[in-house]
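> Any chance you can model this:
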Amino acid sequence: MRLKNTNKRLTKVGKIIVKGLRAELAFQKHNATGNLSRSIKAIKTNAGKNQILNVISTNNKKYWQVVNNPSKWSFNASKSDIIRWAAKKGIPKAAYAIYNKLMGSEKTNRRGFYGRPYVYWTEGNNLRRTDFAGYTVRKLKKTIKHEIITGIKQDAVQMVKDNIQKYIPNATVQNLG
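Numbers count the residues shown, from 1 in each chain. As a prediction, this is how the structure comes out:
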């Protein structure tokens, strides 16, 4: 494989991003069941000579998008899931209020406003309750850049060494950097 070090670094970058996304979901308290966190995977594919790294949720793409930006999406909430979730969080009496807020009232024919104001419980409420993916990428940008550049540098040095040894078989090549 010609870009062996770059490909290794790309795999490492995938692991770094997945770990960062999971940590950010936990920090933002978006881990009621942990399904989204566990479903985040980095998948590296070949597209001809190119390597492509995709970070995806293997179970539910729409749920990822709702958590990342709740005000953009509408959905149907399951009353039984909310009751179970509220019981797990220790706030069983709030389940019906949360469900009604999410779904709106049949009497007024008005949908709820998920994400606005989004203050059903006080733990974990802060300014960073959305955009977990964007925040993670911005936070890890320098690390990702460093990993990729390091891999490319290592591969470039290896290519130069290989070319020198190809044309000058007796040459001794040292890596000083």
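
> From here on, just use CA atoms for contacts and neighbour counts.
Fine.

> Disregarding flanking residues, what is the spatial nearest neighbour of Val173?
Lys161 (6.3 Å; CA to CA, 6 or more residues apart in numbering).

> centroid residue for this protein?
The structure's the chain has its C-alpha centroid closest to Leu21; by CA atoms, centre = their mean the separation is 3.8 Å.

> Surely that residue and Thr136 touch.
Yes: between Leu21 and Thr136 there is a contact at 6.0 Å, judged by CA atoms under 8 Å.

> and for those two, which residues touch both?
Shared contacts of Leu21 and Thr136 (CA atoms under 8 Å, 6 or more residues apart in numbering): none.

> quick revisit: tell me the gap between the helix or strand harbouring the residue nearest to Val173 and the middle of its chain.
Secondary structure from DSSP states H and E places Lys161 in helix 132-167. Centroid separation for helix 132-167 versus its chain: 21 Å, with CA atoms, centre = their mean, to the nearest Å.

> ok, now stretch 38-55?
Centroid separation between stretch 38-55 and its chain, computed with CA atoms, centre = their mean, is 13 Å.

> measure it end to end?
Using CA to CA, to the nearest Å, the end-to-end distance of stretch 38-55 comes to 12 Å.

> Would you mind giving the secondary structure of Thr172?
Here Thr172 is coil, with the state taken from DSSP: H, G, I helix; E, B strand; the rest coil.

> Next up, the contacts around the spatially closest residue to it that is not a sequence neighbour.
Take Thr172 and drop its neighbours on the chain: the residue closest to it by CA to CA, 6+ apart is Gln165, 7.9 Å away. In this structure, Gln165 makes contact with 171-173, judged by CA under 8 Å, 6+ apart.

> nearest to Asp155, of those?
Nearest to Asp155 out of these is Val173 (CA to CA; 14.7 Å).

> Return the distance of that closest one relative to Trp64.
Going from Val173 to Trp64 by CA to CA gives 50 Å.

> Between the two, which is the more surrounded one?
Neighbour count, other CA atoms under 10 Å: between Val173 and Trp64, Trp64 has more, with 19 against 11.

> What's the local residue count around Val157?
When neighbours are counted by other CA under 10 Å, Val157 registers 14.

> for Gly20, same thing?
19.
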